[in-house]
Each structure stands twice: as structure tokens, then as C-alpha cells.
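Enquirer: curious how this folds, go ahead:
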Amino acid sequence: MNRALSLDDLVLAGIALVAGVVLGLLSRAVLRWLAKHAKRTRWSGDDVIVDALRSVVPWAAIAGGAATAAVVLPLTRTVQHHVDQVLEVWLIFVATLSAARVVAGLVRSVTQSRQGVAASATIFENITRVLVLAIGFLVVLQTLGISIAPMLTALGVGGLAVALALQDTLANLFAGIHILASKTVQPGDYIRLSSSEEGYVVDINWRQTTVRQLSNNLVVIPNGLLAKANMTNYTHPEQRLTVLVQVGVSYDSDLEHVERVTAEVIGQTMREVEGAVPEHEPAIRFHTFGDSRIGFTVILGVGEFSDQYRIKHEFIKRLHRRYRAEGIRIPSPARAVSLQQGAALIPQQRGGGDGAGGATVID
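Expert: Predicted coordinates:
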């Protein structure tokens, strides 16, 4: 425009700019109110969307006021073009950050809904966030009139060199994607590796898997090693599992009575101890005529891996107390050693704890 700047132009431009700021503040207040209501819903995706809108809509309103003020002012075509470009880049930048936050939040919401509250597979969040930011960067370059074709060509040529330099990093990245896609391991699972590491999977990111041990220490395992290792997953295909407790009673015990009493203790433990499976059927299996006892196995049902220690602890205490009350004896191995001058004696094991033992005399 060739006309001179007047007072009316400044007033109108100021009104447009103030209107944009006021509209931005009002929209932010409205979105804050919507965020409070979104937190009351079960789906966490609406929280992510409203939170993203809170960062986009106010800035968009302010940018709209600034664009209107620029139109009102008698700016030259070149200056107007630069102002429009700056506002466009600013809006694209804000929209890209918000879109990255929305997509990453929705991915996190989906993974948590499928894998449990403990799930935190950040590898998918990071990948989607990087992709959205990269797309936004290319759009900004295109808006500024910079051709992206040479850049894409350069990236394609240099991609081979980057891939060779980052072999281990890319191997861990694709190993993590493969692990999650195949559902071999997911956050929240309890795993044990052949190299003795075990614990709950806390997170699987682009490079490593973090495992929390029962001692509350964190073990960091590269995804490539995890994909190659022999591994036992105690959560899949079912979280419930059975644990074995070895017991033995003396030979003079009434095995029918022992089985009945043990079954009653199992039922009581399954009903009263946290983490046990009440509907678990008592399982008792006699299997060995030992040196001093008749051995049998008690099979207990537990809700998840870490519950077994508490349940075995309570079961052994209760079983021992009940056996003492019922007069059921749990014998311990005993050895009798006789010493004779001028001879070496090899003791022989005897059972039960009562009766004479024997020894082989070597002159």
C-alpha cells in the first residue's frame, strides 16, 4: 500500500490484536473447564486431545488477531508477505508440537488399555512423536519456499552411512519393535532370562528394556540381547500359576489322615491369604519312599509370580502348626556314629530318629 499510516489504522490494528489476545484467554479458560470434565471419563484419550487444544487454540487466536492487524495496517507487499510467513510458520510449529503430543498420548492410552496400568512402552510413543515432528519440519521448509526434494535425496544417500554407523542402535530399535509386535514380552510381564535376570518389565524403549526386580532394583537389557535370549514369561499365556511345596511325613503316619488334614490347610490358605486362588482345587501327590520319610508334593495356585513367596510362607506355618496339633510327625534324617579304637567306622544312615543305627567296621 502506498498510503500513509494514520491514527485510525493504529487503533484498528490495536483492537484486532487485543481481540485476538482476549479470544485466546477466553478459549484457554473454556478448554480448562473441558479438561476438568474430561478427567471424569474413563477414556484417557479425551484428556490428551483437550490438553493439546489448550496449547493450539489460544495461540491460533492470537495469531489471527496479529494477521488481522497486519491486514489493517498499510504495509508494503514484501512486508505483508514476510509477516504472513512468520505467522504461518509459528502456527505450523505450534500445531506440530500439539499433534505430536496428541498422537503420542493416544498411543500411550491404547498401550495402557491393552497391557495394564503398569504398561509404558515408550518406543511407540517416541517413534510417532519423531515422525510427526519430521513431517512438521518438512511442511515448514515448504512454507518458506525451500525445496525439500534435494534434502530427501541427500537423506536417502546418507542413510546408508548412518545405518552402518548405528548398527547396534538400529538392531536394538527393530528388536524392540519385533518384541512388542509379536507380543512375546509386554510391559507388566514377569520374565526370567537364561542368564538369571528376572523381574517385571517396566518399559521397552527404542534401545533397551528395563526390568524391575523384586528387590526394587532396575536391570537394563539391550533389546537385541533380549530378543536372542532364552526366556520364561510367567505372565503369558495366563497370569495365574501353580507352585510346588515338598513335604514329608514319618512312615508310621496314616496317609489318608495326612492327606485330609493337608487338604484342609490348603483350602484355608487359599481362602484367607492375599494373592491366592480360592477356586484352586487342593492337589496332594505322594511320590517317594525316602530314607526317613514318605515324601509328597503340595500344589498351590497363586494369582501372579510374586504372590508365591507370601503364600508358601503362610502355608508352611499353618501346615506345621496343624501337624503338631494332629500328632503328625515330620521326621528329620539322623546318623549314628560309633567310634572304636583301632578301627575306622563308616556310619550308615537310619531313618525316623528312633531305633539303633549301624556302622561298618574296617580293621
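Enquirer: give me phi/psi at residue 287?
Expert: phi -150, psi -20 (degrees, to the nearest 10).
Enquirer: when you give positions from now on, start the count at 718
Expert: Will do, 718 is the new start, and the previous item becomes residue 1004.
Enquirer: contact partners for it?
Expert: 1012-1014 (C-beta atoms under 8 Å, 6 or more residues apart in numbering). Any C-beta I mention is one placed from the backbone N, CA and C, and that applies to glycine too.
Enquirer: which among those residues count as buried?
Expert: With neighbours counted by 16 or more other C-beta atoms under 10 Å, the contacts of residue 1004 contain buried members at residue 1013.
Enquirer: which parts of the protein are helices?
Expert: 724-755, 762-789, 794-832, 839-860, 866-882, 884-899, 940-945, 972-989, 1024-1043 (DSSP state H).
Enquirer: mind checking which of those helices is nearest residue 956?
Expert: The closest of the helices of the chain to residue 956 is helix 1024-1043. By C-beta to C-beta, the value is 10.1 Å.
Enquirer: how near is the residue nearest the centre of the chain to residue 842?
Expert: Geometric centre of the chain, nearest residue: residue 904, 2.9 Å, by C-alpha atoms, centre = their mean. The spacing between residue 904 and residue 842, counted by C-beta to C-beta, to the nearest Å, is 12 Å.
Enquirer: burial measure for the residue lying closest to residue 816 once chain neighbours are set aside, as a count.
Expert: Closest residue in space to residue 816, ignoring its immediate chain neighbours: residue 849 at 5.2 Å, by C-beta to C-beta, 6 or more residues apart in numbering. Residues contacting residue 849 under the criterion other C-beta atoms under 10 Å number 19.
Enquirer: likewise for residue 740?
Expert: A count of nearby residues for residue 740, using other C-beta under 10 Å, gives 17.
Enquirer: kindly report the same for residue 769.
Expert: Residue 769: 21 neighbours (other C-beta under 10 Å).
Enquirer: got a list of what it touches?
Expert: Residue 769 touches 815-816, 818-819, 822, counting by C-beta under 8 Å, 6+ apart.
Enquirer: repeat that for 6 Å
Expert: Neighbour list for residue 769: 815, 818-819 [criterion: C-beta atoms under 6 Å, 6 or more residues apart in numbering].
Enquirer: just put these in TSV and tack on pLDDT, neighbour count and distance to residue 1026.
Expert: TSV is the format used below for these (pLDDT from 0 to 100; neighbours: other C-beta atoms under 10 Å; distance: C-beta to C-beta, whole Å):
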residue	pLDDT	neighbour count	distance to residue 1026
815	78	21	47
818	77	18	41
819	76	20	43
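Enquirer: surely residue 815 meets residue 773?
Expert: Yes - when contacts are counted by C-beta atoms under 6 Å, residue 815 is listed as touching residue 773 (4.5 Å).
Enquirer: sorry, back to before: restricted to strands, list the contacts of residue 1004.
Expert: Among the contacts of residue 1004, the residues falling in strands (DSSP state E) are 1012-1014.
Enquirer: from the residues you listed, pick the one nearest residue 728.
Expert: For the ones in strands among the contacts of residue 1004, the nearest to residue 728 is residue 1014 (91.2 Å; C-beta to C-beta).
Enquirer: confidence score at that closest one?
Expert: Residue 1014 is assigned 95 on the pLDDT scale.
Enquirer: that one contacts residue 959, doesn't it?
Expert: No - the pair residue 1014 / residue 959 is not scored as a contact, 10.5 Å apart, by C-beta under 6 Å.
Enquirer: returning to that earlier point: do you know how far the residue nearest to the centre of the chain is from residue 778?
Expert: 39 Å.
Enquirer: try residue 1020
Expert: For residue 1020, the distance to residue 778 - C-beta to C-beta - is 52 Å.
Enquirer: what do you get for residue 939?
Expert: Counting by C-beta to C-beta - residue 939 and residue 778 are separated by 47 Å.
Enquirer: how about residue 938?
Expert: Counting by C-beta to C-beta - residue 938 and residue 778 are separated by 48 Å.
Enquirer: residue 1039 now?
Expert: Residue 1039 is 74 Å from residue 778, where distance means C-beta to C-beta.
Enquirer: of the two, who's got more company?
Expert: residue 778 (20 against 15).
Enquirer: neighbours of residue 1015, how many?
Expert: Residue 1015, neighbours per other C-beta under 10 Å, totals 22.
Enquirer: hmm, residue 961 and it touching each other?
Expert: No - between residue 1015 and residue 961 there is no contact under C-beta under 6 Å: 7.3 Å.
Enquirer: one step back: any chance of the contacts of residue 769 in JSON lines, with distance to residue 799 too?
Expert: Formatted as JSON lines, those follow (distance: C-beta to C-beta, whole Å):
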{"residue": "815", "distance to residue 799": "25"}
{"residue": "818", "distance to residue 799": "29"}
{"residue": "819", "distance to residue 799": "30"}
